[in-house]
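Chemist: Make a model of this:
(2 chains)
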Amino acid sequence: MSLVVRLRSVVCLLGRFPALAGADLDVGAGEIVLVTGPNGAGKTTLLRLLAGLLAPHSGTAEVMGCDLAVDRVAARRAIALVGHETYCYDDLTARENVKFFARAAGRRDADIDAVMDTVALSESAHLVHRGLSAGQRRRLALAVALVREPQLLLLDEPHAGLDAMGREVLAGVVRRAPSEGRTVVMVSHEVDIARPLATREVRVDGGLIETVVPRVAS
Amino acid sequence: MTGERTEVSIWREAALVAGKDLRIEARARVALGQILPFGLIVILLFAFALDPDRGVLTRVAPGLFWIAVLLATLLAVGRAFAIETHHGARDGLRMTGLDGGAIFLGKATAIAVQLAALEVVLGVGVIVLYGVDVNGIGVVVLTAVAATVGLAATGTLYGVLAAGLRLRETLLPLLLLPVIAPVMLGATRAFEDGLGGVPGDAWPWLGILTVFAVIYTTIGVMAFGALWEEAA
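Modeler: Modelled structure (predicted):
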């Protein structure tokens, strides 16, 4: 199994605080990795590092074969992050937001309609971002990530703010990921919902990835 | 999904960013509702203030026009980066993997388009309210194009420098105003020649404006990506 993520003794500083303090992690292609841990443990920092939004202070961090200390901009083309924010523009409609990110990734308009259907947002596609409910915004964030067809999908608390239908949509996206050639790293406090989706679980605490619990997806 | 991916050139990426920024501005109506009225008010206030002396008004018209454009530039640049501060949009734009030079060109183009629209309205206002003659329309148009490109390029470059700072609203004018002094000087002198003077005398100033625009556009294309990353 080829490695999509390879971290060795990675230190990532937020100011002077080591949010990651020597983290090691391997993630193989097609894995669905659940990341758990207490607040402030470094989970979001781990995802932002993997997304190429933060540079490692020391250690080796490779994603999709790209060294994040050297060329994290190139790595981003194959990665999508669904974070706490939607990364969308208030004055654009849901469809326009998805279209912008699709075009930036070189995708066609047909992909936009397909992904809007996937996240069950087609009927709200004409609404501007500021007019969407919290749950619709979360699904829009997922659509923006999916339309880029990332090889590595990073999900930071993806269940937060989602209703039952939204959670079903998300579960479908995560379950289909390996068959679509996609690797998923998911941070969640809602372990009862997230754990059945994962093939592996790691725990982050104090900036270290300290335990690895092998799992088989149910 | 089709799964097909087409390569995107820097020009298409720039057009994508410019289109996005202009669509947001068209919908938010900040340029139409705030920047344009602001420029017109500046022109009107000076018209009232200097009304007793029509000769003075005609002579200072080029300078007043470009001061109004300059102040509008500060608002437009601030706005261009403010739209990236909500809902993590700046991180979203970074994650697209778009070329930094393309983002620079796109943002600068969107600012230039807004300024050009403003200049048309202000130009009509100056001609009507100040009663100035236009001796060389070609010189005036070329000056406006070169100065607008220079202002947009410089504004975008310094806008991203200020974007990562806590006091960006107040620091942007402090950083930008000294740098664009040559544009103000050149554009004002070239407008003087193109409006009431001898249009042929404007060419040296037009040359300076063009060189300024080319230099700052080149620097912006090369440096914006790194500055954009640092600002995050």
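
Chemist: So for chain B, the centremost residue is which one?
Modeler: Centroid-nearest residue in chain B, with CA atoms, centre = their mean: B:Ala152, separated by 3.6 Å.

Chemist: lowest-confidence helix or strand of chain A?
Modeler: Across the helices and strands of chain A, the lowest-confidence element by mean pLDDT, DSSP states H and E is strand A:208-214, at a mean of 71.

Chemist: Quickly find the element holding the residue nearest to the centre of chain B.
Modeler: Assigned by DSSP states H and E, B:Ala152 falls within helix B:137-163.

Chemist: who does that helix touch, helix- and strand-wise?
Modeler: With contacts defined as 3 or more CB pairs under 8 Å, 6 or more residues apart in numbering or on different chains; DSSP states H and E, the packing partners of helix B:137-163 are helix B:54-82, helix B:100-130, helix B:168-179, helix B:181-195, helix B:203-231. C-betas here are computed from N, CA, C, even on glycine.

Chemist: Name the residues of it that are buried.
Modeler: B:139-140, B:142-163 (16 or more other CB atoms under 10 Å in any protein chain shown).

Chemist: ok, which stretches of chain A are strands?
Modeler: Remark: strands assigned in chain A by DSSP state E are A:3-14, A:17-28, A:32-36, A:58-63, A:66-67, A:79-82, A:152-156, A:183-187, A:200-205, A:208-214.

Chemist: contact partners of the fourth one?
Modeler: Meaning strand A:58-63. Residues outside strand A:58-63 that contact it (CB atoms under 8 Å, 6 or more residues apart in numbering or on different chains): A:3-11, A:22-23, A:49-50, A:52, A:67-69, A:72, A:75, A:78-79, A:152.

Chemist: ok, now stretch B:71-82?
Modeler: If you take CB under 8 Å, 6+ apart as the criterion, stretch B:71-82 is touched by B:21, B:25, B:30-31, B:34-36, B:38-39, B:42, B:107, B:110-111, B:114-115, B:118, B:151-152, B:155-156, B:158-160, B:162-163, B:168-169, B:172-173, B:176, B:180.

Chemist: which secondary element of chain B has the worst mean pLDDT?
Modeler: helix B:30 (a mean of 79).

Chemist: chain center to it, what's the gap?
Modeler: Mean-position distance between helix B:30 and its chain equals 15 Å (CA atoms, centre = their mean, to the nearest Å).

Chemist: picking that back up, to the chain's geometric centre, what's the distance from the helix holding B:Ala152?
Modeler: The chain centre lies 5 Å from the centre of helix B:137-163; the measure is CA atoms, centre = their mean.

Chemist: circling back to that earlier point, for the residue nearest to the centre of chain B, give its distance to chain A.
Modeler: Note on B:Ala152: its distance to chain A, by CB to the nearest CB, to the nearest Å, is 20 Å.

Chemist: Please name the residues that touch that residue.
Modeler: Residues in contact with B:Ala152 (CB under 8 Å, 6+ apart) are B:73, B:108-109, B:111-112, B:115.

Chemist: hang on, A:Tyr116 packs against A:His126?
Modeler: For residue A:116 the amino acid is Met, not Tyr. No: contact criterion CB atoms under 8 Å: A:Met116 and A:His126 do not qualify, at 10.7 Å.
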